[in-house]
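K.L.:
next input, structure requested:
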Amino acid sequence: MTLLANTPKPPYYAVIFTSVRTAGDNDYGETANRMIELAEQQAGYLGSESAREDVGITVSYWTDLESIKNWKANTEHQEAQKNGRKLWYESFKVRISRVERDYGM
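P.N.:
Model prediction:
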């Protein structure tokens, strides 16, 4: 398993989720793992990368905007979103971007 997503040649889309957590787990870890597992089953999902210190950042990659829309509408994902607002996050921000270019080693 690699820490960096293996994305295709651009263009594709990135959903950038940044957050500041509340104190306590409140089943956050289990749900976060389930969301990755569930996202991997969605049409158009390309991979994700995540890091957490004071601010958590998760970037998921998608083939198109329709795939992102369908992921946001997933019933189990919507339940996790509700819990995020109620239990897990002091604050969060979602940004959706089109990746035009990528490079690396």
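
K.L.:
just for this protein, where's the confidence low?
P.N.:
Applying pLDDT under 70 to the chain flags the ranges 1.

K.L.:
okay, strands next: where are they in it?
P.N.:
12-21, 45-52, 56-62, 89-99 (DSSP state E).

K.L.:
partner strands of the shortest one and their direction?
P.N.:
Within its sheet, strand 56-62 is paired with strand 12-21 (antiparallel), strand 45-52 (antiparallel), according to DSSP bridges.

K.L.:
returning to what we had before: just the strands of the chain: most buried one?
P.N.:
Of the strands of the chain, the one with the most neighbours on average (mean count of other CB atoms under 10 Å) is strand 56-62, at a mean of 20. In this view, the C-beta of every residue, glycine as well, is placed from N, C-alpha and C.

K.L.:
bridging residues for the residue positioned nearest the centre of the chain?
P.N.:
Taking CA atoms, centre = their mean, the centroid of the chain lies closest to residue 60, which sits 4.4 Å from it. Beta-bridge pairing for residue 60 (DSSP bridges): residue 15, residue 48.

K.L.:
which residues does it contact?
P.N.:
Shown in contact with residue 60 (CB atoms under 8 Å, 6 or more residues apart in numbering): 14-15, 17, 39, 45-48, 71.

K.L.:
mind checking the longest helix of the protein?
P.N.:
helix 28-39 (DSSP state H).

K.L.:
perfect, that will be all.
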